[in-house]
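*Asks:* I'll drop the sequence and a predicted model, then ask my questions.
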Amino acid sequence: MPTETDQLLQAWCDEGDADARAQLIERHLPLVRALARRFSHRGEQLDDLVQAGSLGLIKAVDRYDPGRGSSLAAYAIPTIVGEIQRYLRDSASTVRLPRRQQELAVELARQSDALAAEHGRTPTLRELAAATALPSDEVATALADVAAARPVALDENTEEAEDAGAAHRLELGVERVMLARGLRRLDHRERRIVQLRYFGGLSQRGIAAEVGLSQVHVNRLLTRSLGKLRREIGQT
């Protein structure tokens, strides 16, 4: 005799009954919580783990095919665990900046955009410090903090989403600020080749044609120049 779960599965899988789908999800939430508890020693809130696991449950319910022969619970477990593990990986690799540093990152991004538009180039650290009326060391620290942090997922609040985009633009600009500083250590030919490759988007063959050197020579110069840049950026 079919169980109530079997009846709900038939209503959902065969007839697309949304109410049956909701009941199936609700009936299997204790399974999600039991699985989430296995990961609660990782330092994350149990409710957050349950929320991630619930997403896996919903995916499993929507993809379940009774013809495969396994129960919904057996089918759902790998998906639930996978979503919890994905959440843990994302949480472990995300550095969340304090609110003050987020605000400073946004302001620096805005000033960087304005200065770049005005001068036609990436602003220097000194120019950013002057524009924000902050000490150079504080600006440098903020740039380093943003570079070390991944963009943080925010709600769909418009102002926060705009701030996140600005912070992301600043993060992308950090390497350019550091690169501009390192470029000053290169001689004229090295600097031109690096600029053609990474700012002009030319291939090594295109650079060779542009500067009148062999492709092998260009490759050698690029390797040497990038080594200088790495050493210079590593010292800043």
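*Replies:* Thanks, I have it.
*Asks:* can we go C-alpha only for contacts and neighbour counts from here?
*Replies:* Noted.
*Asks:* What are the boundaries of the helices in the chain?
*Replies:* Along the chain, the stretches classed as helices by DSSP state H are 4-15, 18-27, 29-37, 46-63, 72-92, 99-119, 125-132, 136-148, 158-183, 188-198, 204-211, 215-235.
*Asks:* ok now the second one, how far from the chain's centre?
*Replies:* The one in question is helix 18-27. Distance of helix 18-27 from the chain centroid (Cα atoms, centre = their mean, to the nearest Å) equals 34 Å.
*Asks:* relative orientation of that helix and helix 4-15 in degrees?
*Replies:* 140 degrees (axes from the mean of the first three to the mean of the last three Cα atoms, to 10 degrees).
*Asks:* what's in contact with helix 18-27?
*Replies:* The contact list for helix 18-27 (Cα atoms under 8 Å, 6 or more residues apart in numbering) reads Thr5, Leu8, Leu9, Ala11, Trp12, Leu57, Ile58, Val61.
*Asks:* could those be laid out in CSV, adding pLDDT, distance to Leu196 and neighbour count?
*Replies:* Formatted as CSV, the contacts of helix 18-27 follow (pLDDT from 0 to 100; distance: Cα to Cα, whole Å; neighbours: other Cα atoms under 10 Å):
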residue, pLDDT, distance to Leu196, neighbour count
Thr5, 87, 65, 15
Leu8, 90, 64, 19
Leu9, 89, 61, 23
Ala11, 90, 63, 16
Trp12, 90, 59, 21
Leu57, 93, 51, 29
Ile58, 93, 50, 21
Val61, 92, 53, 21
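*Asks:* shouldn't Ala76 be in contact with Leu57?
*Replies:* Yes: between Ala76 and Leu57 there is a contact at 6.0 Å, judged by Cα atoms under 8 Å.
*Asks:* Include distance to Val194 when you put the contacts of helix 18-27 into JSON lines, please.
*Replies:* As requested, these are exported to JSON lines (distance: Cα to Cα, whole Å):
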{"residue": "Thr5", "distance to Val194": "65"}
{"residue": "Leu8", "distance to Val194": "64"}
{"residue": "Leu9", "distance to Val194": "62"}
{"residue": "Ala11", "distance to Val194": "64"}
{"residue": "Trp12", "distance to Val194": "60"}
{"residue": "Leu57", "distance to Val194": "50"}
{"residue": "Ile58", "distance to Val194": "50"}
{"residue": "Val61", "distance to Val194": "53"}
